[in-house]
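A.B. asks: Just need the structure, nothing else, for what follows:
(chains A and B)
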Number of protein chains: 2
Amino acid sequence: MTKERGIIPRKIKGFRDIDANLNALRQHIVETASKVYKSYGFEHWDTPVLEYAEVLGKYMPDADTVEQGVYAFRNPEEEPVLLEDGNEMRDAEGRVIMENHMLALRYDLTAPLARVYAESLWLDFKRKQVQEGRSPLFRRFQYGPVFRYEVKLMPGRYREFWQLDFDTVGSDDVATDAEACMILSDALEAIGLKPETYLVKVNNRKVLKGFLAGIGIEDEETEQGILRIIDKLDKVGWESVVLELGPGRTDSSGAEVPGMGLAEETVSRIVEFLKSTGDVNSRRDALAKLESAVGDHPVAVEGLAELRKMNEIWESLGYDETRIVFDPTLMRGMAYYTGPVFEAESLLTYKDEKGKKRKVGSICGGGRYDDLVNRLLGMKVPATGASIGVDRLAEVLRMSMPELAQATGPVLIAYFDDELQTTYYQIASELRKAGIEAEVYSGFFKGFRKIKKQMSYADKKNCPAVILLGGDEAAKGVVTVKNLRLGKELSSQIIDKQEWNKLVQKEVSRTDLVAHLKEIL
Amino acid sequence: MTKERGIIPRKIKGFRDIDANLNALRQHIVETASKVYKSYGFEHWDTPVLEYAEVLGKYMPDADTVEQGVYAFRNPEEEPVLLEDGNEMRDAEGRVIMENHMLALRYDLTAPLARVYAESLWLDFKRKQVQEGRSPLFRRFQYGPVFRYEVKLMPGRYREFWQLDFDTVGSDDVATDAEACMILSDALEAIGLKPETYLVKVNNRKVLKGFLAGIGIEDEETEQGILRIIDKLDKVGWESVVLELGPGRTDSSGAEVPGMGLAEETVSRIVEFLKSTGDVNSRRDALAKLESAVGDHPVAVEGLAELRKMNEIWESLGYDETRIVFDPTLMRGMAYYTGPVFEAESLLTYKDEKGKKRKVGSICGGGRYDDLVNRLLGMKVPATGASIGVDRLAEVLRMSMPELAQATGPVLIAYFDDELQTTYYQIASELRKAGIEAEVYSGFFKGFRKIKKQMSYADKKNCPAVILLGGDEAAKGVVTVKNLRLGKELSSQIIDKQEWNKLVQKEVSRTDLVAHLKEIL
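C.D. replies: Prediction:
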């Protein structure tokens, strides 16, 4: 049976190739946002795709699938197991205990950042050369692929996708959270989004936490459970949230979704609180309404004060409610957030394959995570940051700015005559020296080539022009230039074939070629 | 025992972080070479980091470690096993056979390219809608991390490193091989290498293959074995090559290296052939010497004719022996090469940790691989391409152009006074709008901050200037600008402290700040 087994050329399910057009979008996003991040003083770092699984920890959204959430495997290399102090663990006979440690493909860029930071201080901290609260400020940006093994893969979702993060580690001032929201806004607009097509939503987990404590819910597990259910609001709606907080529900596929079993009164108090800001858009009004709804638990009071300070900074710099709003139902999925959380939402809608109108939704997210470094270092290091979902944003651009999603090819030099091969390469070299991208057609196999095939190659590659040069033309010292860009424009007009040819095809002397191409490109 | 186990913040052995300075080099290489590749008509594509292991195949150098050469693991998702025709494999009872397929982190960017190309044609080929020799021309470039599990990790080598590839698929014309060598030369020089500091070496595996066939060695296994030993010449020297072709040898660590057991006369004929071009640098002379040494086996004759054609193109375009030379001992490690192979070598030397002078060696490599797509598609598709070893080249640049390996930080706005916080952010925003990178210092923890710490932060980040603004200055409408760049220059001169301060520190009015900064930056 094994013999019949085939090697089929295919990608792993949930993975995809990025072609030249999609890559043009991705490059545009990465380059533009990187410049914005850098303009705020973030340095460009990179970390490995692969890390020790235990170092990354498990902070993924949707706790029900955490076990299957990452791609993890055993290191082929055997290494000592380490104790908390970094020394090797030994058995009763004093032999070093060896193991093939679990490795994991990173599921985000934040957990690796915590490792970078903790690693740089770990030895000094163990030697008591760094005190809590005295660890250095570090601001870095990073982009690249992250990996999530989502068991149920929704349409349009991928198991490998790009993130583009910036983070400030070592500051407990929420001014850096306010700044993060401004950076998201600046970056999205630099990339080309209009203010009315996106919105940065902001909340503070401390506000809900303080409110829950005020009504008697203080254990972390219940709190995280409530938070995760509220996080699904956008997807499932209020009715399902109420049922999941209470007795549970049956979803559209008929599957049972277990409930948290909270008392009916508790559930309605939570929902009432979450709806307290109503449709208010003004940040000041939202703060006032939250203040009266949240109670006087100190954590909630602290959370509100932080939001107030963030608002002051935005007001002083002119980031108004067309760009940044408060939303008490915003939670963000990652378990590591401890305070302010933010999300940039695209307000664009599209029709799915069934013709149903859908919102694009979240394209960036972030928040404060004051305990993530602590886990690795044993010392509290406050941190905040945000991430652009590059692939999701690329889809937004493909809809709203299709002209960006079209890579341009080189000027193609068609191949007619073996005698002229070096001439073709010489022309290409001349063009390149003049700053014009140029390619000599080379799609041969045992001498087979056809001009029709060459033209369709140029067309598929979106080449702006083709240069034609046969023996007769070479003898006259001329070449024919076919202006494919103009050809495409004219093809929508009614025009006779002869005239079309006259406009689109021009004979020019070799010496005028560069000038002519510069004119038409 | 398990309880004591620690989570130590650390990277996997053989992996590393890329800091801002190293990233500046990497970005310079990737951006510059990408432009060169694009100017030759290559499109930018990307493929997943993870692929089905069987699709990638095993073509790694150093066959003795092939089994451990890649990071591979079972897909957490169960999927049907497929037959050669793409249908699901079933057991005797007709049930689909399921399996967790082996996945692997890509070990290069060539095997995934073969998958991309084969996948795009596979269905059409099965339906007999594509004929051999009629498959489309495809030219793409791609960069990103690749992964090799090298069991013995040499100093300066990593298990994750970046490659930057370009390939032409669908052409059997060695003009595309000649072009690949020119592209390597163009890219390296655009990146900043001087012609006298690197050399592109070229050979054709067909020449050795034909020669070996001429002396009676025709089975592929022996041929590949000989090739792999010659490939190690640069590392181990002639004496060891002779011993490995023959009886074997004992290496410097005392380990036995088994020999191929070829007869003494065979070994000396091979060595004589490999040395036939001697120290000749002229490509024409090398071709002439090879011609008389190689014999008249048709494969060797074909190989030489290909090299001759490549030489003609280089001559017609001015790529002389200061850039490209022939080297009959060049083999390249990958098993998939079938014809011309090339390598760019850095001629720089450095002193290793023991003070021993060492050559940097290979920084780019490539060649023709006419059978790689065949394996997946069942149809011959000729292809050629090359790859820049980005990290190795970055090391070369760090030695030869250290100024590139220094990222520049933003103008830092020091933080003195809580009352002025929004003013600090407003100044930063003004500077950014004027195109100046600016950061407000934010390294706080419960209000702790020190100006000394802020200055050392600016210094570490290579900030060109720091802006100082306290209550008194704010009242006067001025700020103090400290020119750190000038400060560094002056620090090498003998100059008294007062004068130093006068030159380096300037009070300017808020309204003149942008103009002043533009002047000093």
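
A.B. asks: Contact partners for the closest residue to residue A:384 other than its chain neighbours?
C.D. replies: Distances taken as Cβ to Cβ, 6 or more residues apart in numbering or on different chains place residue A:368 nearest to residue A:384, at 4.2 Å, with adjacent residues excluded. For every residue, glycine as well, the C-beta is placed using N, CA and C. Residues counted as contacts of residue A:368 (Cβ atoms under 8 Å, 6 or more residues apart in numbering or on different chains) are A:174, A:177, A:337-341, A:382-384.

A.B. asks: which of these has the most neighbours?
C.D. replies: Counting neighbours by other Cβ atoms under 10 Å in any protein chain shown, the top entry in these is residue A:384, with 30 neighbours.

A.B. asks: what about that residue, which helix or strand?
C.D. replies: strand A:383-389 (DSSP states H and E).

A.B. asks: Near chain B, which residues of the stretch 151-300 of chain A? Just list them.
C.D. replies: With Cβ under 8 Å from any Cβ of the partner chain as the criterion, the stretch 151-300 of chain A meets chain B at residues A:151, A:160, A:168, A:170-173, A:175-176, A:179.

A.B. asks: before we move on, back to that, from the contacts of residue A:368, which is closest to residue A:267?
C.D. replies: Nearest to residue A:267 out of those is residue A:341 (Cβ to Cβ; 22.2 Å).

A.B. asks: thought the closest one was touching residue A:362?
C.D. replies: No - between residue A:341 and residue A:362 there is no contact under Cβ atoms under 8 Å: 11.5 Å.

A.B. asks: Report how many residues lie close to residue A:409.
C.D. replies: Using other Cβ under 10 Å: residue A:409 sits among 23 other residues.

A.B. asks: One more: residue A:469?
C.D. replies: 22.

A.B. asks: Please name the nearest non-neighbouring residue to it.
C.D. replies: Spatial nearest neighbour of residue A:469, excluding adjacent residues (Cβ to Cβ, 6+ apart): residue A:479 at 4.7 Å.

A.B. asks: picking up where we left off before, now the residue nearest to residue A:384: how far from chain B?
C.D. replies: In this structure, residue A:368 and chain B are 13 Å apart, going by Cβ to the nearest Cβ, to the nearest Å.

A.B. asks: Checking the residue nearest to residue A:469 next. Helix, strand or coil?
C.D. replies: strand (DSSP: H, G, I helix; E, B strand; the rest coil).

A.B. asks: ok, what's across the strand from the most centrally placed residue in chain A?
C.D. replies: Taking Cα atoms, centre = their mean, the centroid of chain A lies closest to residue A:389, which sits 2.0 Å from it. Going by DSSP bridges, residue A:389 is paired in beta bridges with residue A:163.

A.B. asks: And the pLDDT for it?
C.D. replies: The model reports residue A:389 with a pLDDT of 96.

A.B. asks: That one and residue A:363 touch, don't they?
C.D. replies: Yes - in this structure, residue A:389 is within contact of residue A:363 by Cβ under 8 Å, at 5.5 Å.

A.B. asks: Identify the contacts common to the two.
C.D. replies: Residues touching both residue A:389 and residue A:363 (Cβ under 8 Å, 6+ apart): none.

A.B. asks: And for stretch A:343-361, what's in contact with it?
C.D. replies: Residues from elsewhere that reach stretch A:343-361, judged by Cβ under 8 Å, 6+ apart: A:155, A:184-185, A:188, A:193, A:196-201, A:234, A:330, A:332, A:362-366, A:388, A:392-393, A:395-396, A:399-400.

A.B. asks: quick one, what contacts whichever residue of the stretch 301-450 of chain A sits closest to chain B?
C.D. replies: Ranked by Cβ to the nearest Cβ, the top residue of the stretch 301-450 of chain A for proximity to chain B is residue A:439, at 2.7 Å. Taking Cβ under 8 Å, 6+ apart, we find residue A:439 in contact with A:409-413, A:428, B:40-41, B:139.
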